[in-house]
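Participant: need a structure here:
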Amino acid sequence: ILHVSTKNYLGTVPSAAGGSYLYHSDTPTTALQDDLPRLPIPNLEDSCARYLNAQKPLLTEAEFAITADTARKFQNGIGKDLHKEILAREETLDPQYSYIHHAWQEMYQCDRGSVLLNQNPVLTYADHPDPRLNTQVERATRLVTSTLRYFCTLRDDRLPPMNACMLQYPYLFQSTRLPHRTRDLNVNFPESRHLAVLHKGHVYSIDVLDKSGNIRDTAALQLAIEEILGDPRAPNKQGLGYFTALERVEWSEARAELEALNKPMLDVLDRAIFVLCLDDLKTQSTKQVLKNGLVGEGYNRWYDKSFSLIVTQDGKAGVNWEHSWGDGATIMHMMNNVHSDYLRQVPVSGGESEGISVVRVDPVYSDSILAHLERAKVKFEAASSGYELVDFNFGGFGKNDAKKFGMSPDSVSQLIFQMGYWRTHGGCVGTYESCGMAHYRSGRTETIRSCSPETKNCSVAFDHDHPAGLSDLTDLLKKTSAKHVSLCKEAAQGLGFDRHFFAMRALNREQGREELELFTDPSWSKMASIGLSTSTVGSPALQLCLTYGAVTPQGYGLGYLMSEGSFRSAVTCYLPNDYFAEFVGNLGKSAEDLLAVFQGKNFKPSRTV
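Facilitator: I've put the predicted structure just below:
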């Protein structure tokens with residue numbers, strides 16, 4: 001769930017045709033930053049109570065009794081001390097930061113796993129309504145131009161002020177994640193004027209800004225892109241991009257070796273405003289579009305980049321971004337503005353007519369680099385073939401049907417996931433639903449624990465052998481929706497328990513103490529092992545769902561969207577998973593049964609109403 005302001009402000013004027021700006025706001029873009037509230041620190045008692053409520057559907061009565069006792073000990077003991085210290089520390093923090101900011105950043109940057117599938121998501125741009133403008137050249141030229149206009153408007157403080165935290169925006173452009181042995185760094189290069197372009201594994205640099213920082217001529221940009229696409233060289237399937245998919249320690253070691261021979265190429269990629277990936281692929285299905293955006297060909301990617309704009313031969317376009325620096329709300333603000341400008345089809349002229357030079361940057365290989373590259377390719381291929389994805393699309397109902405029945409659309413979406421999991425695995429599972437917190441200073445996200453006692457009751461009652469009739473199911477659905485709305489509101493107000501517990505756990509570790517009993521309790525592992533990782537993003541700028549990898553070996557990734565007339569989800573899992581097809585099938589069956597109740601039909605023929 002994202003919270004993105006769409007307010008307009010006095011002095012904000014959409015840019016006329018051409019130029020380097022999308023807007024000419026008289027009020028600085030960051031004008032509202034200091035007015036944003038700080039992320040609240042919940043009461044310890046409330047966090048413990050919410051934690052126990054989230055555990056109820058996952059545990060037996062005996063397990064719950066043990067967990068409740070452990071939580072009480074924590075609340076009355078070490079938890080009280082940690083909570084007090086967090087409150088005291090907040091008083092000394094720079095006011096722009098939240099109480100979780102530094103620990104949250106450390107969590108991302110110290111994760112030694114690969115960013116591929118584990119961190120980098122993808123969002124897919126909607127096609128242009130005019131099919132003639134959906135060629136690779138047209139899409140790349142116009143999307144790059146509109147993205148650069150957004151960049152210049154942001155850079156020069158001309159975007160309308162946002163009622164959202166701006167701390168992530170300096171890392172959106174001219175930025176990359178650099179690997180190190182123990183903790184990576186997000187680094188800015190504010191002087192860069194070039195775009196890095198990848199095509200068939202070859203790397204190119206094109207200066208898209210002039211010396212004054214203005215966008216260069218669109219016609220010249222298109223010619224440069226055409227020149228790159230026309231490069232007659234065979235694909236370089238030894239592209240260095242494979243390295244960025246390695247686990248971080250191995251990648252940091254490989255990078256140290258690469259620096260000696262390939263500093264020019266690394267500089268082009270690291271310092272670029274962003275990366276444009278021109279893929280030599282004609283997609284045949286939405287599944288292929290999503291898989292190409294999420295993973296693609298390792299030799300034609302640079303997964304460490306803040307974001308990459310990917311455009312296929314048939315004009316399918318998307319944004320793959322590295323997650324440590326920022327969240328979906330920041331990417332969506334860019335994509336919404338880019339899409340709106342892109343649809344205007346206005347050529348941008350920087351007041352010059354000379355062409356843009358295309359600079360080829362070729363890698364230099366040593367025997368050691370080639371050997372390491374081969375190992376990286378093997379690991380990439382294992383990861384690329386080691387997951388599955390389905391573009392699930394149920395056209396039976398949408399948000400209007402849910403609202404007409406008296407349920408929140410998001411509660412219906414989450415219930416489909418819970419029922420699908422119950423029917424496949426015979427139980428409930430730890431569930432994460434992302435809640436965007438950009439309306440607080442450095443808020444990042446909070447967790448909505450969408451698996452509740454109410455969703456469990458519904459999942460049980462919707463079993464075809466259960467005696468619950470139509471009126472019973474209707475009553476259960478209304479209660480489930482009310483509970484979910486309450487959970488969403490609490491999270492959006494900074495009153496979830498996950499980030500609060502995260503901060504106390506991090507503080508305890510920082511102080512060198514043994515792990516807290518609350519987190520060694522087997523019930524904590526059960527809840528923290530996320531079987532359903534869910535997140536929704538909706539916008540006219542998007543064609544398909546947010547897509548990302550599952551977060552546990554046997555779990556499911558579920559980017560989703562309920563539109564006016566359909567429910568859609570990009571469902572992912574790691575392989576082997578013997579239940580994946582059954583789970584996806586049960587999502588459909590669960591949606592059908594919900595539709596029957598919405599329509600007042602009893603889908604249990606042997607039962608009376």
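
Participant: can you tell me what sits against stretch 145-155?
Facilitator: Stretch 145-155 is contacted from outside by 15, 19-23, 29, 158-159, 169, 172-173, 208-209, 213-215, 218, 221, 273-274, 309, 334, 337-339, 341-342, 347-348, using C-beta atoms under 8 Å, 6 or more residues apart in numbering. Backbone N, C-alpha and C define where each C-beta goes, glycine included.

Participant: can you select the buried ones from these in ChimeraX?
Facilitator: Restricted to buried positions by 16 or more other C-beta atoms under 10 Å, the ChimeraX selection for the contacts of stretch 145-155 reads:
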select :15,19,20,21,22,23,29,158,159,169,172,173,208,209,214,215,218,221,273,274,309,334,337,338,339,341,342,348
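
Participant: so of the contacts of stretch 145-155, which ones are in helices?
Facilitator: If you go by DSSP state H, those have 218, 221, 334, 337-339, 341-342 in helices.

Participant: spatially, what comes nearest to Leu473 if we skip its sequence neighbours?
Facilitator: Val597 (5.2 Å; C-beta to C-beta, 6 or more residues apart in numbering).

Participant: may I have the phi/psi pair for the one you found?
Facilitator: For Val597, the backbone dihedrals (degrees, to the nearest 10) come out as phi -70, psi -40.

Participant: pull the distance from whatever helix or strand Gly559 lives in to the chain's centre.
Facilitator: Secondary structure assignment for Gly559, by DSSP states H and E: strand 556-562. Centre-to-centre, strand 556-562 and its host chain are 11 Å apart (C-alpha atoms, centre = their mean, to the nearest Å).

Participant: try stretch 289-306
Facilitator: On C-alpha atoms, centre = their mean, the centre of stretch 289-306 falls 14 Å from the chain's centre.

Participant: pLDDT of it, averaged?
Facilitator: Mean pLDDT, stretch 289-306: 98.

Participant: quick one: end-to-end length of it, please.
Facilitator: 21 Å (C-alpha to C-alpha, to the nearest Å).

Participant: list the buried ones in stretch 304-312?
Facilitator: Within stretch 304-312, judged by 16+ other C-beta under 10 Å, the buried ones are 304-312.

Participant: which residues touch the residue nearest to Leu473?
Facilitator: Val597 neighbours (C-beta under 8 Å, 6+ apart): 405, 470, 473-474, 477, 603.

Participant: out of the residues you listed, who's nearest Tyr440?
Facilitator: Leu477 (31.9 Å; C-beta to C-beta).

Participant: you'd agree the closest one is up against Phe405?
Facilitator: Yes. Counting by C-beta atoms under 8 Å, Phe405 is a contact partner of Leu477 at 7.5 Å.

Participant: the more surrounded of those two?
Facilitator: Leu477 (24 against 19; other C-beta atoms under 10 Å).

Participant: who's in contact with that one?
Facilitator: 405, 407, 415, 458, 594, 597.

Participant: ok, those vs Ala62, which is closest?
Facilitator: Cys458 (24.1 Å).

Participant: for that closest one, helix, strand, or coil?
Facilitator: Following DSSP: H, G, I helix; E, B strand; the rest coil, the label given to Cys458 is helix.
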